[in-house]
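In: Just to be clear, the model below is a prediction. Sequence and coordinates:
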Amino acid sequence: MKLKLTALILFLGSASLFAQEYFPKNDGVKAKNNNYRAFTNAKIYVTPSEVIQNGTLLIQDGKVVQAGKSVNIPKNAIVEDLQGKSIYPSFIDIFSDFGVKKPEKADSQGRSAQYKPTREGFYWNDHIMPENNALNRFSYDSKKAEELRKAGFGVINAHIQDGIARGTGVLVALNDEGSEAKRILEDKSAQYFSFDKSIAKTQSYPTSIMGAIALMRQLYYDMDWYSKGNVETKDLSLEALINNKGLTQIFAAGDNGNVLRADKIGDQFGIQYAILAGGDEYERIQDIKATNAKLIVPLNFPDAYDVSNPYEAQYVSLKDMRHWNLAPSNPKTLEDNGIQFSFTLHELKSPSDLKSKVQKAISYGLSKTKALEALTTVPASILGKSGEIGSLQPGSQANFLIASGDIFDKETILYENWVQGSKNVIQSKDQKDIRGDYNLSVNGQTYSVSITGEVGKPKVEVKKGTEKLESKIDYSSDWLNLAFSENDTNSYRLIAQVLPSSDTITAKAVLSNGTETTANLTKTAPFEEKSKQTPSEKPNLMAVSYPNVGYGYKTKPKQENILFTNATVWTGNSILENTDVLVKNGKIAKVGKGLNAGGATTVDATGKHLTAGIIDEHSHIAAVTINEAGHNSSAEVRMKDAIDPEDMDIYRNLAGGVTTIQLLHGSANPIGGRSAIMRLKWGENSDGLVFPDAPKFIKFALGENVKQSNWGSFSRFPQTRMGVEQVYTDYFQRAKEYEAKKKSGQSYRYDEEMEVLVEILNGERFISCHSYVQSEINMMMKVAEKFNFRVNTFTHILEGYKVADKMAEHGVGGSTFSDWWAYKFEVNDAIPYNAAIMASQGVTVAINSDDAEMSRRLNQEAGKIVKYGGMSELEAWKMVTLNPAKLLHIDDRVGSVEEGKDADLVLWSNHPLSVYAKAEKTLIEGAVYFDLEKDKMLRESVQQERNQLIDMMLNEKEKGEKTQTPVQNKKERFECETL
Amino acid sequence: MKFLYINSNNHCPLEGTLGVLLRHLTFMVSVVFSFTTFAQQTPAPPQTEQVAIFGATAHIGNGEVIENCTIIFVDGKITAIGADLMAPTIGTMINAEGKHVYPGFIAPVKSLGLVEVDAVRASKDEDEIGDFIPHIRSIIAYNAESKVVESMRPNGVLLGQATPQGGRISGTSSIVQFDAWNWEDAAVKTDDGVHMNWPALFRKGNTYQGEPDAFIPNKKYGEQVGEIKTFVENAKAYGKAASKEINLPFAAMQGLFDGTQRLYIHTNGEKEMIDAVTLAEKAGIQHIVIVGGYRAHKITNFLKEHNIPVLVSETHALPKFDDDDYDFPYKLPKLLVDAGLLVGLQNESMANFQTRNLAFYAGQVVGQGLDKEKALQLITGNTAKILGIDSDYGTLEVGKSATLFISEGDALDMRTNQLSKAFIDGRDISLETHQTKLWKRYMGKYEREGK
């Protein structure tokens, strides 16, 4: 109720300007204008694809009556002849904060994070605000409206750009003359979402994109639960969400990865979002297409980097240079792939940038029809408002542009932008073009005058002979003011009414002494526009690679049949000399001597070693974020929502013989997030990287990180190891009770976090637990035993050697560093003999990295286990292949060179445990994902393409185009503790 | 304690196979268990009798290798080395047939002994406040009893340069050996050099101030170089006349001008290196060392002309730029060696405990095609020259310190880096550590329990 009241007040507030029919009137008589306006002989774009030559547009009372070839013009019509001019529907932007009060940034947090919400009667998370309506914070901004109209816009859908669930938008016509009652076309026009937290709120959760995604999922589950009447208390957020269900749902996503993330949330709940994209959809166009989402696309084409200083140029990555090159082709690529998209001013500095950006997109191949659709019919259809805005069909709002020609041509002048039948002059279409060269005779003297610039905003140069004089010009409506001075004592002020019929201008001249006389300007030459540049050639576009970064592949690797001959082969239980391995259809078909190649390509592996691909049980590469640190339990989050398929470290891992990783959540919380087990198929998208049918895993963590010992945070439970035990006991007990309720048949609130914990209790999900000191390791096992399950893996497990016998008894594996220690207090007793000792007690031991650098030479880390503790070479090797495969329960498919297993193989130049060994080929399922020879070629092509693009950018600068300072966009590298 | 020393230090021949080793260890642990717990290793006494190692493959540290080599040292100095020596009849004889002898590895520009646990502020003494503080001396904070320092020795790292960190001029380093009672004992060369962190052309954007979350041009580069210039010029002028009032920072710079100290300039960019060397030379600084040198391969001619050695960063690093070759850090030292520069390896940016992997950073370059003996020079002979301690350390040559070790196999490869003996100045040092003690304690526990 409250909301509606506010809206009403808003309407009332401006009522005096433009009263409603039924309002009393005390300042005059009631008078209604029922006249028509007809615009004749114009080229009319009724829609982008329906064009009428020499047509008539008839409007009345702010609406289109008709647009057509032969229109009956009523007698009470004001008729305007638009011969040679064009009429377009005016533009629409549906991603804007026009007129909406910007939220104020909350004071930065104190020492400790804020975990509780600040509101009562709303959803538990402050960043969920579907109850917000832009209307409540809206006040019409006529200054900004003018800017927008100048750029061609007639209608804006504005929303509060703050928070994850942002509430509804308000659809506003840019009609200065109307009241809010008239110009607000819809007060709840669409519902908006994003991945970003509110800047006005400081509640900690979520700290990551995967947390935001999990929060969205839970929100929808809770909406359902609430709508069925299961909640006794009031939740205005959920009520609003339920009420807004029928609206268009718009998700502000961003880059192509985020577009796919947003769409996936919708898929799960049967919602098709319209999605705000990032402008880099061309990188993954097939995936984008498959979303079936209508996109809202920014035109934020980057300026060229100023690479004139070679020292600075080297900081710009090929990826960024290529984006400069390809971004303007993004709209064309969207069009070519049949994706529906609208444009937005979002991320442009000023509305006035629109025209040049659209022109650029057109010069890169976008059709003008699609460009116009992206500004008119598509945004209208996204909002479900096609009958009202975006076209000039009968009954539509009379929102249209009058232009001198094709709206996207550079020379075209936009004369008028009519909104709701109100005329807004951008530039007078009746104003005579006075540009050209003139002879000026005044007071017996002759001067030459040259008028250039824009028709409505001309520039002037006055010369006496060859001497340039100081001069000023002003030309508005049909009055010209020209002032110039020859010297301090001799100045002239000219004023003239310009007559459309004559090229000669007769002016009144006032001299410095006050004398008034007549001046005559006689045209000697017409104006000629000097084209600034040579007409733009066809842009030279670089090819997209997969992923679209340096060292990406132009074509994705395919399975090959390969026979490796005469290699030293490391199988699961032996090292075979002079042995052949046949790879067929992605599998290891045969291991033996003297094998027949059949049709397979033979690779002579004499003197080389062939092993299974390395498996890193603990990795944080290929992720956009690692920790959801907003709660002490985050079982609801999934690492697979945060995969970064473009991370160069994937390629570098392949170059180090790594084929499979477990992308783990970080160690911020006792209960972390769900893992993504991935195959490093460089070039695939997030889904393509995920190991198919992989067992389910989750990260747990113990010790200093979950206690938040090393970064002054004192408010979150737990602060001690004692507390950590209670966190687990509490959550598992609740999970048990949750499951009992679920099984009992009673209705229950679906809780994704509890669902995950139940999986653990039932042995369907495995724990990989970050652990350091023996007390906590022991505790974790006891908690698990109490709840009747087993911990699968202790990762890091630096003091595992102290309780190795207990671990063996519990049946848990250990995945440890080879030799890390001394970096914090809890690793005082970490020793490099840990792996060997645990193995001696029968624990399955793996060596992991937790580090993007170390992960690409895990073979060497296994070599260290030979040094520290005297492990046999085969056993040491298994610690980075078969043992982690066992710990991940994928040893039936990968981890050793055995017939029938997947062909995830590495060909090494040397003994694989040796510091001297290089991976020469790395295969995943029989496809070569790294090849030393291919790498050489890639290096050359990276350099070549860099040089080419640098050249193109230098050219751009020379042409006088805008440039930007070089920057090095560096990917953040993660480890457990990265927040 | 004497008992412990004898048992675990001098008579613990690691004979190569784990079985033998473990049997010995188990025996030892059971005998000495009650003594060991948490004491650090006791420094070895001075060499009292001649030691001769024979039958070894000796890696000299200057690029040479001598098979079936005999090495004799007395009073801490090498008195004879060669393949054709007569077997001595006095002192200790060590049969090193099939084994390898190396000069002790040298770890430059590290905060070893200045930091114990990285995350525990109270244990950190490497970074003093202030921008231009050459008078800050690392040696007096050097913890000879550090458990991290101790852990260097079993991997052959026997010497290091204890180096202050941070600021523009971080302070003055000293070179220490890793088996000492106290810092005076440890000092090999006190106050050997001043360390300067040269400004970089690019810096991380400050997102709080609306800058991009990226590396952006450092507009203050010129100004920052100007500050260095002013400081160096002032320090030089100060030294030309006797001043009544001592200026500690200026005074601490004087060794640079008279050639008794080195200036270590930590920097990576091409222009930065050229600017740094030009400024330092102009100021009359005689010994200049580049630390880092990520782009040094682009200016090898310049560095050669100016006779500038480079202490390259650890090879176990990721490329700094996305478009760099994946193996660029692996091969950079080779590129510089091939160009004829004097090159050493350091791992300043890594945690101190990682310094025990120094040998493997060198081994990594061998994988890129550098000759093994040349790779060894990167952590021995070359480093000694760069640090100015080559008259005593870095190579196995007559007259030099007997700071060396015996490894079962190739010490540059982790599989075979297995030390059985190590000597610093002829002293037979312990290869036990906090870590080996824990190993033995817990293996002992399991063995006792029959597990």
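Out: Perfect, I can see it now.

In: Near residue 97, how many other residues are there?
Out: Went with chain A since none was named. Residue A:97 has 20 neighbours, counted by other CB atoms under 10 Å in any protein chain shown. Quick note: C-beta positions are derived from backbone N, CA and C, even for glycine.

In: that's the wrong chain, I wanted chain B
Out: Number of residues near residue B:97 (other CB under 10 Å) recorded here: 9.

In: for residue 168, what are its contacts?
Out: Here I'm looking at chain A. Neighbouring residues of residue A:168 by CB atoms under 8 Å, 6 or more residues apart in numbering or on different chains: A:130, A:132-135, A:159, A:187-192, A:244, A:247.

In: should've been chain B
Out: So residue B:168 contacts B:131-132, B:196-197, B:199, B:224, B:227-228, B:231 (CB under 8 Å, 6+ apart).

In: Out of these, which is nearest to residue A:440?
Out: Among those, residue B:224 lies closest to residue A:440 (CB to CB), at 57.9 Å.

In: isn't there a helix covering the closest one?
Out: Yes: when classified by DSSP: H, G, I helix; E, B strand; the rest coil, residue B:224 is found to be part of a helix.

In: ok, so what distance separates it from residue B:279?
Out: Residue B:224 is 12 Å from residue B:279, where distance means CB to CB, to the nearest Å.

In: Compare neighbour counts for those two and give me the winner.
Out: With neighbours defined as other CB under 10 Å, residue B:224 and residue B:279 compare such that residue B:279 has more, 19 against 15.

In: So which other helices or strands are in contact with the helix or strand where that one lies?
Out: In this assignment (DSSP states H and E), residue B:279 forms part of helix B:270-282. Counting contacts by 3 or more CB pairs under 8 Å, 6 or more residues apart in numbering or on different chains; DSSP states H and E, helix B:270-282 packs against helix B:221-240, strand B:262-267, strand B:287-292, helix B:300-305.

In: picking up where we left off before, format the contacts of residue B:168 as CSV; extra columns: distance to residue A:274.
Out: Output for these, formatted as CSV (distance: CB to CB, whole Å):
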residue, distance to residue A:274
B:131, 54
B:132, 58
B:196, 56
B:197, 51
B:199, 48
B:224, 49
B:227, 54
B:228, 56
B:231, 60
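
In: What subset of those residues is buried?
Out: Neighbour-count burial (16 or more other CB atoms under 10 Å in any protein chain shown) is assigned, among the contacts of residue B:168, to B:132, B:196-197, B:199, B:228, B:231.

In: Any idea what the most centrally placed residue in chain B is bridged to?
Out: Note on chain B: the residue nearest the mean C-alpha position is residue B:107, at 0.6 Å, using CA atoms, centre = their mean. Note on residue B:107: beta-bridge partners by DSSP bridges are residue B:160.

In: need the contact list for it.
Out: Applying CB under 8 Å, 6+ apart, the residues near residue B:107 are B:152, B:157, B:159-161, B:346-347, B:355, B:358, B:379.

In: go with 6 Å
Out: B:157, B:160, B:355, B:358 (CB atoms under 6 Å, 6 or more residues apart in numbering or on different chains).

In: Which members of those residues define the maximum pairwise distance?
Out: With CB to CB as the measure, no two of these lie farther apart than B:160 and B:358, at 9.3 Å.

In: before we move on, back to that, and of the buried ones among the contacts of residue B:168, the nearest to residue A:615?
Out: For the buried ones among the contacts of residue B:168, the nearest to residue A:615 is residue B:197 (39.7 Å; CB to CB).

In: The closest residue to residue B:393 other than its chain neighbours: how many residues sit nearby?
Out: Leaving aside its chain neighbours, residue B:393 sits nearest to residue B:384 (4.8 Å; criterion: CB to CB, 6 or more residues apart in numbering or on different chains). Applying other CB under 10 Å, we find 28 residues neighbouring residue B:384.

In: got the end-to-end distance for stretch B:389-403?
Out: 12 Å (CA to CA, to the nearest Å).

In: May I see the buried residues of that stretch?
Out: Buried residues in stretch B:389-403, counted by 16+ other CB under 10 Å: B:389-390, B:392-397, B:400-403.

In: likewise stretch B:266-279?
Out: B:266-273, B:275-277, B:279.

In: Relative to residue B:287, how far out is the residue nearest to residue A:281 when sequence neighbours are not counted?
Out: Once flanking residues are discounted, residue A:281 sits nearest to residue A:288: 4.6 Å by CB to CB, 6+ apart. Counting by CB to CB, the separation of residue A:288 from residue B:287 is 59 Å.

In: And residue A:396, by the same measure?
Out: 82 Å.

In: Okay, and residue A:381 sits in which element?
Out: According to DSSP H and E, residue A:381 maps onto helix A:377-382.

In: now for that helix, which elements pack on it?
Out: strand A:91-96 (3 or more CB pairs under 6 Å, 6 or more residues apart in numbering or on different chains; DSSP states H and E).

In: What is the subsequent helix or strand relative to the strand it packs on?
Out: The first helix or strand that comes after strand A:91-96 along the chain, using DSSP H and E, is helix A:142-150.

In: which of the residues in that next one are buried?
Out: A:144-150.

In: these two touch, right, residue A:304 and residue A:954?
Out: No: between residue A:304 and residue A:954 there is no contact under CB atoms under 6 Å: 8.5 Å.

In: who's more crowded, these two?
Out: Just comparing residue A:304 and residue A:954: by other CB under 10 Å the higher neighbour count belongs to residue A:304, 21 against 17.
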